[in-house]
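Chemist: Let me see the structure of the following:
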Amino acid sequence: MTEATRGWQRPSIYDVAKHAGVSHMTVSRVLNDHPNIRESTRERVLKAIDEMNYTRSSIARALATRRAMRIGVLVDSPVQYGPNSTVRALESAARHVGYAISGFSISEDDDLQIDSGVVELVTQGVDALCVIAPRASSLDLLRQKSTGLPTIVIRAEPDAAWHTAAVDQRLGAKLAVQHLIGLGHRSIAHLAGPRDWYDAREREQGWADALTAAGLPVLPAINGDWTSDYGYEFGLSYDFDTITAVFASNDQMALGLVHGLTERGIRVPDDVSVVGFDDLPDSRHFLPPLTTVRQDFAALGALALRLIIDAIEGDGGAQHDMIEPTLVVRSSTSAPRA
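Modeler: Residues are numbered from 1 along each chain as shown. Sure thing, here's the model as predicted:
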C-alpha cells in the first residue's frame with residue numbers, strides 16, 4: 001500500500017509491524033541494527049517500510065519518544081471552506097515535522113458522530129487531538145467527553161479547558177467595515193453566517209463594533225447559511241433603498257448577493273458596494289472582482305501544530321493565540337452613490 005492510497009493517514013510503527021507480520025519490538029531491533037535478527041525477518045521489515053513509503057527516521061523518532069507521531073483531527077462541517085482549508089494547512093505543517101494526521105469528519109446533520117469520532121481517533125493511539133468544530137453545538141457535545149489527551153480547538157475565543165488557535169475573525173470584520181466607512185458609506189448591512197457558528201458570531205460582532213465606534217447605526221443582521229443560493233435570494237429580496245454597502249460573512253454568499261443585485265438592476269459597486277470574507281481562490285475572478293478578507297490558513301496550521309506539540313510536551317497551561325487577517329481590496333467596493 002502506498003501513501004497515495006492511504007490518503008493522509010501515514011503509518012505508525014505498529015502499522016509497519018502488522019504489515020511485516022512481526023512485533024513492533026522487532027521493527028525497533030531492525031532499525032537499530034540489532035545482531036540477533038534473522039536476515040529474512042530483517043528483509044521483510046525493510047520491505048514493509050519501503051512498501052508503506054515511510055521513512056526510517058520518522059519511525060526511529062517515534063521509538064525514541066515513545067509516541068505514535070500521529071495527531072487526531074476531528075473535523076466538523078468539512079465541506080465548508082474554512083474547516084477544509086484548516087485541515088489541509090495542519091496536515092502540511094505536521095508532515096514537515098514528521099507527524100501524521102488521522103482525520104474523522106462530522107456532518108452538520110449528525111452530531112452523534114462526535115462520539116464515534118472521538119472513540120475512533122483515541123483507539124488509533126494518537127498523541128493529541130485537534131478539533132476543528134466551528135459550531136457551538138458540536139463543541140458543547142465534545143466538552144462532555146474526557147479523553148485524557150492534549151487537545152487544541154480551532155476557535156477565536158480562549159477556553160480554559162483547551163489550547164485554542166484561530167484567525168482573528170472579529171478583526172477581519174472590522175477591517176472590512178472600516179474600509180467601507182473610509183469610502184464614505186454610512187448605512188452598511190450585514191449578511192451574517194449561521195448563529196450556531198463561532199466564526200459567524202465573531203464576524204457579526206466585528207461589524208457591529210466598527211459601526212458603533214464610528215457612531216453609525218447597527219441594523220439587524222440577516223443570518224444566512226454560507227451558500228451562494230442564500231446570498232442570491234437576499235440580493236433579490238432585501239430592501240436596498242437606504243443601503244449603500246453590504247458586508248457578507250463569506251465569499252460564497254457575497255457571490256450570490258452580487259448575482260441577485262445584478263438581476264434587479266442594482267449595480268455593484270456603483271449602487272451597492274459588497275465585501276466578502278475568506279478570499280476564495282476564485283474571488284478575484286468574480287464580476288466584479290471581490291473585495292474580501294483573507295485568512296492565512298498556512299500560518300494557522302503552523303500555529304496550531306506548535307500549540308499541539310507544546311501540549312504534548314506538557315509546556316504550561318492552556319494557551320490561546322491568533323493570526324491576523326488581511327483586507328484585499330478589489331473592484332466590488334467604491335464610494336457610495338451621491
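Chemist: any idea how far Ile49 is from the residue nearest to Ile181 when sequence neighbours are not counted?
Modeler: Distance criterion C-beta to C-beta, 6 or more residues apart in numbering; nearest residue to Ile181, sequence neighbours excluded, is Ala214 at 5.2 Å. Every residue, glycine included, has its C-beta placed from N, CA and C. Distance, Ala214 to Ile49, using C-beta to C-beta, to the nearest Å: 62 Å.
Chemist: okay, the two: which has more neighbours?
Modeler: Taking neighbours as other C-beta atoms under 10 Å, Ala214 and Ile49 compare with Ile49 leading, 22 against 15.
Chemist: Quick one: list the elements packing against the helix or strand encompassing that one.
Modeler: Element membership for Ile49 (DSSP states H and E) is helix 39-51. Applying 3 or more C-beta pairs under 8 Å, 6 or more residues apart in numbering; DSSP states H and E, we find helix 39-51 packed against helix 13-20, helix 24-31.
Chemist: I'd like to check the angle between that helix and helix 24-31, please.
Modeler: Here helix 39-51 runs at an angle of 90 degrees relative to helix 24-31 (axes from the mean of the first three to the mean of the last three C-alpha atoms, to 10 degrees).
Chemist: Let me know the average pLDDT across helix 39-51.
Modeler: Taken as a whole, helix 39-51 has a mean pLDDT of 86.
Chemist: returning to what we had before: which among the helices and strands packed on helix 39-51 is found nearest to Ile101?
Modeler: Comparison of the helices and strands packed on helix 39-51 against Ile101 by C-beta to C-beta identifies helix 13-20 as nearest, at 14.0 Å.
Chemist: Report the inter-axis angle for that closest one versus helix 39-51.
Modeler: Using the same axes, to 10 degrees: helix 13-20 against helix 39-51 is 120 degrees.
Chemist: returning to what we had before: any idea how far the residue nearest to Ile181 is from Phe240?
Modeler: Distance of Ala214 to Phe240, given as C-beta to C-beta: 20 Å.
Chemist: what do you get for Val268?
Modeler: Distance from Val268 to Phe240, by C-beta to C-beta: 11 Å.
Chemist: Now do the shared contacts for those two.
Modeler: Common neighbours of Val268 and Phe240, counting by C-beta atoms under 8 Å, 6 or more residues apart in numbering, are Leu261.
Chemist: who has more neighbours, those two?
Modeler: The neighbour comparison of Val268 against Phe240 (other C-beta under 10 Å) goes to Val268, with 25 against 16.
Chemist: What strand or helix carries Gly82?
Modeler: In this structure, Gly82 sits in helix 81-96 according to DSSP H and E.
Chemist: That helix packs against which elements?
Modeler: Judged by 3+ C-beta pairs under 8 Å, 6+ apart, helix 81-96 is in contact with strand 70-76, strand 100-106, strand 128-132, helix 297-312.
Chemist: OK, contacts around the most far-flung residue of the chain relative to its centre?
Modeler: What lies farthest from the middle of the chain is Asn36; by C-alpha atoms, centre = their mean that is 47.9 Å. Counting by C-beta under 8 Å, 6+ apart, Asn36 touches Arg29.
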